[in-house]
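1. Predicted model, plus sequence, below.
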Amino acid sequence: MERSIDKATLSALESAEKAGISTVWDRCAAQVPQCGFGEAGLCCRHCLQGPCRISPFEDGPRTGVCGANADIMVSRGLSRAIAAGTASHGAHAKHMAHTLLKAAKGEAPDYPIRDENKLKAVAARIGVSVDGREINEIAEDVAMKALEDFSEKETPLTWAVTTVTKGRVDTFLKLGVVPTGIDSSIAESMHRTTYGVDSDPVNIILGAVKCALADYAACHIATDIADILFGTPSPVATRANLGVLNKNAVNIALHGHNPLLSDILVQVAGEKVLNDSAKAAGASDGINVVGVCCTGNEIMMRHKIPMATSSVSQEAVILTGALDAMVVDYQCIMPSLAGIAECFHTKLITTMPIAKIPKAEHIEFHEPDAKECARKIIEAAIVAFKKRDSGRINIPDISSTAFAGFSVEAILSALSLLDREDPLKPLIDNIVSGNIYGVCLFAGCNTVKVTQDANYLAMIRELAKNNVLILATGCASGAFARHGFMTPEATEKYAGPGLKAVLTAIGQAAGLGGPLPLVLHMGSCVDTSRAADLAVAIADKLGVDLDKLPIVASAPEAVTEKAVAIGTWAVAAGIPTHLGVVPPVLGSKLVTEVLTSTAKDLFGGYFIVETDPVKAAKTLISVIGERRKGLGL
Ligand code: NFS
Ligand code: SF4
């Protein structure tokens, strides 16, 4: 199997081979064949009598030592994956909420409230009074409400029920899957899946759905507070791929998730003293900050910071030999980075007390003196730059233009140029007329198990040709950005006539002189909540629930437990959701059936697992067709 279709990644891998450095692809090859029990979800280590395994074939024991059968093992494993994903988004969101609280109390001076309108809009939505109050008072109440959503309450999660349609809330209540606390949902999932608790696979899965809805709330909190503290994104043009590294600058890559660190670092990287110091060290162009993975999305859409790469190719940034510091916070950071950084002059800098890596330098980041910490990090990068070996530099001269930052607010404001009174109307009219056949949200990662980016590109070509409007978040947007799909040119080249006409009309009204980009970049993975907001607005406007809309989602190259959590809440939201990799559930016919079929009866949404991207796109198009028929379109 070809490792990637990204030429920049391939060029970095060639350098690695020459230097005898192993990468994620080599490590994966060393793992093959991977364990068949694990692949099917049929091993359990939840107690010390295990590990227990059930053969996916008819041979061997049918239960573990305690009597747990295949259905129980698979559903428990899935539930724990969703709990871990929720814990990740939850921790990120909680970190944001604590910082908003500190900011409101004047304890984090580097975090002013940058978007008062967003703060007021969120406050109004969650029932915090706004009129005649100081901004900091409102911010404090919003932060407290967010923090309240983490522990067990008597009432449903504020962020889960105030951001979806009435119909969804009714469905969730009816099925008993309304979460009452983000952290408590995670704890409940861990409890019910431990030794000898919940042994009803369907009940376990419904519990997992409840946890996934807590994940949704966490994502939404993270997005809301990021906008409040750093500004709601609006479209910007920047570039993506390894070519954004600059051999004449101190190159600093920001990798991870939380904008609390990366946004401040970007602000500080513009300071003259630091740039002078970089120049004095021999970097004639000063400091060059680039992004990786989701934090890369955050700073790309708010500060035009170019995206170096994402997900599975993160090691490639160091392999260019031109990276002086890789600064990480948490999530999706391969431990292998430390070993690769060691082969070069690159400083790997960890910043969070919960995410250290042996051999990395740890510069702990604290919100109360955020800018000071950021300066220290940049100084360390300048020191590293001085040790750079110019003979080992190989920056592939490859990068694409990418437009980023299509928040719902930005989309509505573009649409309002067509209809000031009723901005959603042009969008809905075009869906009704069929100019826009449907909408597909791409989310999730790149995986070493699929030729990097191949599924994304094969699917988008098929969908765009059939007039499906494309939204993207997370490393899905990284893939499209690196290959030039977030440009007006891609619209010209790949969009079907109806879609092209709509994107052109909006682009021209916005004064772009051409169409909007083919992929509308909505942000990081937590910003998948933005796509949900857009879907909810369309559903409310049409007076139908989400499970009737011609909207689908796809994670064609998913990796993480976070992606599993997001996929599950998308399904619960009523959205048919495609996975391009097979999750470890096939060991249970029952669980597979619940996810791909019963879910449809319960929620309207369901999983579609298809590893062939063209077939997957065709299936999604026919699903959109069914939904359109259901609406009488
Ligand atoms: Ni999402 Fe973002 Fe990327 Fe996957 Fe990781 S960075 S939170 S999990 S790899 S898309
Ligand atoms: Fe085996 Fe049951 Fe223990 Fe799992 S919980 S390891 S199936 S005995």
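-> Yes, it's here. Ligands and ions are numbered 1, 2, ... in the order given.
2. Output the set of residues of the chain in proximity to ligand 2.
-> Contact residues, the chain versus ligand 2 (CB under 6 Å from any ligand atom): 44-47, 49-52, 64-66, 68, 195. In short, each C-beta sits where N, CA and C put it, glycine included.
3. So which of those are in strands?
-> Among those, the ones falling in strands (DSSP state E) are Cys44, Cys52.
4. looking at it, Ser399 is touching Arg239, isn't it?
-> Yes: taking CB atoms under 8 Å as the definition, Ser399 is a contact partner of Arg239 at 4.6 Å.
5. picking up where we left off before, of the residues of the chain next to ligand 2, just the buried ones, PyMOL syntax please.
-> Filtering the residues of the chain next to ligand 2 down to the buried ones (16 or more other CB atoms under 10 Å) takes a single PyMOL command:
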select buried, resi 44+46+50+52+64+68
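6. Now do the contacts for the residue lying closest to Arg27 once chain neighbours are set aside.
-> Once flanking residues are discounted, Arg27 sits nearest to Ser336: 7.2 Å by CB to CB, 6 or more residues apart in numbering. Neighbouring residues of Ser336 by CB atoms under 8 Å, 6 or more residues apart in numbering: Thr23, Val24, Arg27, Glu315.
7. Nearest to ligand 1 among these?
-> Ligand 1 lies nearest to Val24 out of the contacts of Ser336, by CB to the nearest ligand atom, at 11.7 Å.
8. Could you pull up the residues touching that closest one?
-> So Val24 contacts Val312, Glu315, Met334, Ser336, Val448 (CB under 8 Å, 6+ apart).
9. In the stretch 451-600 of the chain, which residue sits closest to ligand 2?
-> Nearest to ligand 2 in the stretch 451-600 of the chain, going by CB to the nearest ligand atom, is Gly587, at a distance of 12.7 Å.
10. What about whatever residue of the stretch 351-500 of the chain ends up closest to ligand 2, how many residues nearby?
-> Residue nearest to ligand 2 within the stretch 351-500 of the chain: Lys449 (26.2 Å; CB to the nearest ligand atom). Neighbour count of Lys449, defined by other CB atoms under 10 Å: 16.
11. Please, which helix or strand holds it?
-> Using DSSP states H and E, Lys449 sits within no helix or strand.
12. if I read this right, it contacts Cys28, doesn't it?
-> Yes: counting by CB under 8 Å, Lys449 touches Cys28, with 7.4 Å between them.
13. Could you give me the ChimeraX selection string for whichever of the contacts of Ser336 are buried?
-> Buried residues within those, by 16+ other CB under 10 Å, are selected in ChimeraX with:
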select :23,24,315
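14. Pipe the residues of the chain next to ligand 2 into JSON lines and attach distance to Glu107 and pLDDT per row.
-> Output for those, formatted as JSON lines (distance: CB to CB, whole Å; pLDDT from 0 to 100):
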{"residue": "Cys44", "distance to Glu107": "46", "pLDDT": "98"}
{"residue": "Arg45", "distance to Glu107": "43", "pLDDT": "97"}
{"residue": "His46", "distance to Glu107": "41", "pLDDT": "97"}
{"residue": "Cys47", "distance to Glu107": "44", "pLDDT": "98"}
{"residue": "Gln49", "distance to Glu107": "49", "pLDDT": "98"}
{"residue": "Gly50", "distance to Glu107": "47", "pLDDT": "97"}
{"residue": "Pro51", "distance to Glu107": "47", "pLDDT": "98"}
{"residue": "Cys52", "distance to Glu107": "50", "pLDDT": "98"}
{"residue": "Gly64", "distance to Glu107": "50", "pLDDT": "98"}
{"residue": "Val65", "distance to Glu107": "52", "pLDDT": "98"}
{"residue": "Cys66", "distance to Glu107": "49", "pLDDT": "98"}
{"residue": "Ala68", "distance to Glu107": "48", "pLDDT": "98"}
{"residue": "Tyr195", "distance to Glu107": "43", "pLDDT": "98"}
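15. Columns distance to Asp527 on top of the residues of the chain next to ligand 2, output as JSON lines?
-> Listed next are the residues of the chain next to ligand 2 as JSON lines, based on distance: CB to CB, whole Å:
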{"residue": "Cys44", "distance to Asp527": "35"}
{"residue": "Arg45", "distance to Asp527": "34"}
{"residue": "His46", "distance to Asp527": "33"}
{"residue": "Cys47", "distance to Asp527": "38"}
{"residue": "Gln49", "distance to Asp527": "43"}
{"residue": "Gly50", "distance to Asp527": "38"}
{"residue": "Pro51", "distance to Asp527": "38"}
{"residue": "Cys52", "distance to Asp527": "40"}
{"residue": "Gly64", "distance to Asp527": "40"}
{"residue": "Val65", "distance to Asp527": "44"}
{"residue": "Cys66", "distance to Asp527": "41"}
{"residue": "Ala68", "distance to Asp527": "38"}
{"residue": "Tyr195", "distance to Asp527": "37"}
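16. ok, of the residues of the chain next to ligand 2, which one's closest to ligand 1?
-> Using CB to the nearest ligand atom, these come closest to ligand 1 at Arg45, 23.6 Å.
17. just the strands in the stretch 501-633 of the chain please.
-> Applying DSSP state E, counting those that start in this stretch to the stretch 501-633 of the chain gives strands spanning 519-523, 551-555, 577-579, 607-609.
18. and the last one, which strands flank it?
-> Which is strand 607-609. Partners of strand 607-609 in the sheet, by DSSP bridges, are strand 577-579 (parallel).
19. Kindly check the end-to-end length of stretch 326-333 for me.
-> 10 Å (CA to CA, to the nearest Å).
20. can you tell me the helix or strand for the closest residue to Tyr111 other than its chain neighbours?
-> Take Tyr111 and drop its neighbours on the chain: the residue closest to it by CB to CB, 6+ apart is Ala103, 4.1 Å away. Counting by DSSP H and E, the element that carries Ala103 is helix 70-104.
21. all helices for the stretch 51-200 of the chain, in order.
-> Counting by DSSP state H, counting those that start in this stretch, the stretch 51-200 of the chain has these helices, from start to end: 70-104, 116-126, 135-148, 158-161, 166-175, 182-192.
22. got the ones you listed as CSV, with mean neighbour count and mean pLDDT columns?
-> Formatted as CSV, the helices of the stretch 51-200 of the chain follow (neighbours: other CB atoms under 10 Å; pLDDT from 0 to 100):
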stretch, mean neighbour count, mean pLDDT
helix 70-104, 25, 98
helix 116-126, 18, 98
helix 135-148, 20, 98
helix 158-161, 24, 97
helix 166-175, 16, 98
helix 182-192, 22, 98
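23. Now narrow the residues of the chain next to ligand 2 to whatever sits close to ligand 1.
-> Of the entries in the residues of the chain next to ligand 2, none also sits close to ligand 1 under the rule CB under 6 Å from any ligand atom.
24. Gly438 reaches Val432, doesn't it?
-> No: counting by CB under 8 Å, Gly438 stays clear of Val432, with 11.7 Å between them.
25. The two: which is more packed in?
-> Neighbour count, other CB under 10 Å: between Gly438 and Val432, Gly438 has more, with 23 against 14.
26. Check the more buried one and give its pLDDT.
-> As predicted, Gly438 sits at a pLDDT of 98.
27. Kindly report the same for the one 4 residues further on.
-> At Phe442 the predicted local confidence, pLDDT, stands at 98.
28. Who does it form a beta bridge with?
-> According to DSSP bridges, beta-bridge pairing links Phe442 with Ala472, Ser554.
29. Burial check on it, number of neighbours?
-> Phe442: 30 neighbours (other CB under 10 Å).
30. what's near enough to touch it?
-> Going by CB under 8 Å, 6+ apart, Phe442 touches 456, 459-460, 470-473, 476-477, 480, 519, 553-556.
31. sorry, back to before: in a markdown table, list the contacts of Val24 along with distance to ligand 1 and secondary structure.
-> As requested, the contacts of Val24 are exported to a markdown table (distance: CB to the nearest ligand atom, whole Å; DSSP: H, G, I helix; E, B strand; the rest coil):
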| residue | distance to ligand 1 | secondary structure |
| --- | --- | --- |
| Val312 | 8 | helix |
| Glu315 | 13 | helix |
| Met334 | 10 | coil |
| Ser336 | 14 | helix |
| Val448 | 11 | coil |
